[in-house]
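Student: The following comprises the amino acid sequence and a computationally predicted model.
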Amino acid sequence: MKSKLILPILAIAGFLFAAYTVVSGSKPTPVAAAAAEPSSAPYETFIAGAGIVEAKSRNIAIGTPLPGIVKAVIVKVGDQVKIGDPLFYLDDRDTKAELAVKQADLEKALADVKVAEATLADFRSLLHLAEAVTDRRAISGEELLKRRNALAVAKAQLGSAKALVQQAKAGVTDTQTTLDRLVIRAPVDSEVLQVNVRPGEFAQAGSVNTPLLVLGNLDQFHVRVDIDENDAWRFDKNSKAVAYLRGNRNFMAELSLVYVEPYVIPKASLTGDSTERVDTRVLQALYSFNRSSMPVYVGQQMDVFIEAKDYPNGKDIKAPVKVGDAP
């Protein structure tokens with residue numbers, strides 16, 4: 001009797017468990033609270049764009065014109081540098097040794113010039129003595145011709161010696177230029193934002209994924225705004241614009257337009273990789289703001305809103321009049 005009830009009981013228990021699983025799984029998952037409330041536009045009609053903070057001079061990625069081992073880095077993050085100040089040094093022992101050889105070659109060339117000048121003076125004196133003889137029977141015409149030819153050869157040798165001096169000086173200047181290029185200097189008055197090279201590391205010349213140093217003029221902050229190409233026709237340079245700090249909308253700054261780059265480009269993804277792109281094209285506008293109005297850093301993102309006129313169906317849009325066109 002009991003064995004006959006086991007299967008129905010198990011079936012009922014399985015049905016109840018399945019029903020409970022379906023009911024509990026169908027409940028909506030609670031939405032997690034936002035880490036920070038999103039920013040809202042203060043304008044009725046507007047263009048929204050993502051902005052990223054950069055230095056007034058833009059972020060200058062420092063490289064090296066010559067590859068080599070880094071001998072010393074004499075700046076650190078936060079240092080203020082003036083134009084021409086050294087940032088780091090490359091190993092210059094080979095170049096200094098080459099410079100010593102070039103300077104020795106220059107000294108030898110200068111000595112050869114003195115020898116050539118003395119030789120020229122000697123042949124000039126011999127020719128002068130021969131030409132001063134009044135009795136032509138005392139000296140043959142062949143001897144007189146030899147002395148004249150010797151004087152001409154001496155003049156040519158002096159010219160060659162002087163040319164070698166110029167060549168040696170050019171070699172010294174070239175090596176000194178190379179030596180100076182091994183000292184990487186600041187191109188503008190700026191602040192050191194990032195240092196990615198250490199003594200003993202190999203500094204590669206040319207384009208690198210990670211810049212050796214990053215400099216920027218922080219006297220004024222700029223925010224670079226990406227305006228979607230679909231909204232580019234609505235953008236007006238004279239419109240008001242505001243920026244909210246990403247993560248805290250209580251920090252807001254009014255923006256002043258610096259310039260617009262009139263070239264629509266593929267939008268760069270804000271992942272830190274300058275080569276990464278997304279399938280969107282944007283118009284970039286540069287705005288300035290008072291850096292004391294909010295705690296912001298270079299590279300930080302901001303939510304930017306630009307006031308825009310409302311053009312229903314684009315009926316009120318007027319094409320720009322070109323120079324020479326009739327009004």
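Tutor: Received it, and whenever you're ready, just let me know what you need. Residues are numbered from 1 along each chain as shown.
Student: which residues of the stretch 151-300 of the chain score low on pLDDT?
Tutor: Across the stretch 151-300 of the chain, residues meeting the criterion (pLDDT under 70) sit at 269-279.
Student: Which strand or helix spans the residue sitting nearest the centre point of the chain?
Tutor: The C-alpha lying nearest the average C-alpha coordinate of the chain belongs to residue 61 (Cα atoms, centre = their mean; 3.7 Å). Taking DSSP states H and E as the definition, one finds residue 61 inside strand 60-62.
Student: Contacts for the helix or strand just after that strand, please.
Tutor: With elements assigned by DSSP H and E, the helix or strand that comes after strand 60-62 is strand 68-73. Taking contacts as Cβ atoms under 8 Å, 6 or more residues apart in numbering, the residues outside strand 68-73 that touch it are 87-92, 182, 195, 197-203. Placement of C-beta: from N, CA and C, glycine included.
Student: Toward the C-terminus, what is the element adjacent to strand 68-73?
Tutor: strand 80-81.
Student: partners of that next one, with directions?
Tutor: Neighbouring strands of strand 80-81 in its sheet, by DSSP bridges, are strand 190-195 (antiparallel).
Student: quick one: contacts of the partner strand?
Tutor: In contact with strand 190-195 (Cβ under 8 Å, 6+ apart) are residues 55, 57, 59-60, 73, 75-81, 87, 211, 213-218, 298.
Student: cool, and stretch 141-151?
Tutor: For stretch 141-151, the external contacting residues (Cβ under 8 Å, 6+ apart) are 120, 123, 124, 126, 127, 130, 131.
Student: ok, back up a step: looking at the strand holding residue 61 now, give me its mean pLDDT.
Tutor: The average pLDDT for strand 60-62 rounds to 93.
Student: So which elements touch it?
Tutor: Where contact means 3 or more Cβ pairs under 8 Å, 6 or more residues apart in numbering; DSSP states H and E, strand 60-62 is packed against strand 213-216.
Student: Could you export the strand it packs on as PDB, CA atoms only?
Tutor: The C-alpha atoms that make up strand 213-216 are tabulated as PDB, following Å, rounded to 0.1, in the frame of the first residue of the first chain:
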ATOM      1  CA  LEU A 213      57.000  61.600 -20.900                       C
ATOM      2  CA  VAL A 214      53.800  63.700 -21.100                       C
ATOM      3  CA  LEU A 215      53.900  67.500 -20.600                       C
ATOM      4  CA  GLY A 216      51.200  70.100 -20.600                       C
END
